[in-house]
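Participant: predicted model follows, preceded by the sequence.
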Amino acid sequence: QVQLVESGGGLGQAGGSLRLSCAASGRTFDRMAWFRQAPGKERELVAAIKWSTGMTYYAESIKGRFTISRDSAKNTVFLQINSLKFEDTAVYYCATDLRSLSVTSWAYEYWGQGTQVTVSS
């Protein structure tokens with residue numbers, strides 16, 4: 001069984017930065033990712049990382065502002081969000097999957113509980 005524990009969400013100012021963390025326990029995983037779901041919208045994949053190689057994927061809408069990284073020793077993945085925009089307001093979910101799939105895949109089996117990010121002026 002895989003467990004994911006997210007932290008780091010909260011209130012951020014437009015133009016500011018936030019850093020989300022997700023600690024994983026359990027089996028060896030192939031990919032870890034961050035999804036987000038804004039009110040009234042579908043959940044979307046924003047960034048992913050292939051655990052073995054460090055290869056990354058970013059959604060076009062956030063490219064250049066978000067950075068996904070990992071600490072392999074601590075089984076932790078991070079999402080650095082810079083230049084916060086109002087449209088970044090969403091619940092951010094960490095996810096992981098054990099199957100060997102492309103880093104662009106949206107197929108994830110294990111999910112965290114979500115952490116709220118709210119951007120204010």
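Facilitator: Okay, I see it. Quick caveat: nothing in here was measured; it's all calculated off a predicted structure. Numbers count the residues shown, from 1 in each chain.
Participant: ok, the residue nearest the centre of the chain - contacts?
Facilitator: The structure's the chain has its C-alpha centroid closest to W34; by C-alpha atoms, centre = their mean the separation is 2.1 Å. Counting by C-beta atoms under 8 Å, 6 or more residues apart in numbering, W34 makes contact with 20, 22, 45-48, 66, 68, 77, 79, 92-95. Backbone N, C-alpha and C define where each C-beta goes, glycine included.
Participant: now swap in R70 and tell me
Facilitator: R70 makes contacts with M32, I49, W51, G54, T76, V77, F78, as judged by C-beta under 8 Å, 6+ apart.
Participant: now do the same for the third one: its pLDDT.
Facilitator: At W51, the pLDDT value in this model is 94.
Participant: give me the number of residues near it?
Facilitator: W51 sits with 19 neighbouring residues when counted by other C-beta atoms under 10 Å.
Participant: from what I see, it and A24 are in contact.
Facilitator: No - with contacts counted by C-beta atoms under 8 Å, W51 stays clear of A24, the gap being 9.4 Å.
Participant: who touches both of these two?
Facilitator: Joint contacts of W51 and A24 (C-beta under 8 Å, 6+ apart) are M32.
Participant: which residue ranges form the helices in the chain?
Facilitator: Applying DSSP state H to the chain gives no helices.
Participant: give me the below-cutoff pLDDT ranges for it.
Facilitator: Within the chain, no stretch has pLDDT under 70.
Participant: please enumerate the strands of it.
Facilitator: Under the criterion DSSP state E, the chain contains strands at 3-7, 10-13, 18-25, 31-37, 44-50, 56-58, 66-71, 76-81, 90-97, 110-111, 115-120.
Participant: and the first one, which residues are buried?
Facilitator: I take that to be strand 3-7. Under the neighbour-count criterion of 16 or more other C-beta atoms under 10 Å, strand 3-7 has L4, E6 buried.
Participant: what do you get for stretch 73-93?
Facilitator: Neighbour counts over stretch 73-93 (16+ other C-beta under 10 Å) mark 75-79, 81, 84, 88-93 as buried.
Participant: could I get the CA-only coordinates of that stretch as CSV?
Facilitator: Once non-C-alpha atoms are left out, stretch 73-93 reads as follows in CSV (Å, rounded to 0.1, in the frame of the first residue of the first chain):
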residue,chain,number,x,y,z
ALA,A,73,16.4,9.7,-0.2
LYS,A,74,13.2,11.0,1.5
ASN,A,75,10.7,9.7,-1.1
THR,A,76,9.4,13.2,-1.4
VAL,A,77,8.3,15.3,-4.3
PHE,A,78,8.1,19.0,-4.4
LEU,A,79,6.2,21.6,-6.5
GLN,A,80,7.6,25.1,-6.5
ILE,A,81,5.0,27.6,-7.7
ASN,A,82,6.4,31.0,-8.6
SER,A,83,4.7,34.1,-9.9
LEU,A,84,1.4,33.0,-8.4
LYS,A,85,-1.7,33.9,-10.4
PHE,A,86,-5.3,34.0,-9.3
GLU,A,87,-6.0,31.1,-11.6
ASP,A,88,-3.6,28.9,-9.6
THR,A,89,-6.3,28.8,-6.9
ALA,A,90,-7.2,25.1,-6.6
VAL,A,91,-6.9,22.0,-4.6
TYR,A,92,-3.5,20.4,-5.4
TYR,A,93,-3.2,16.6,-5.3
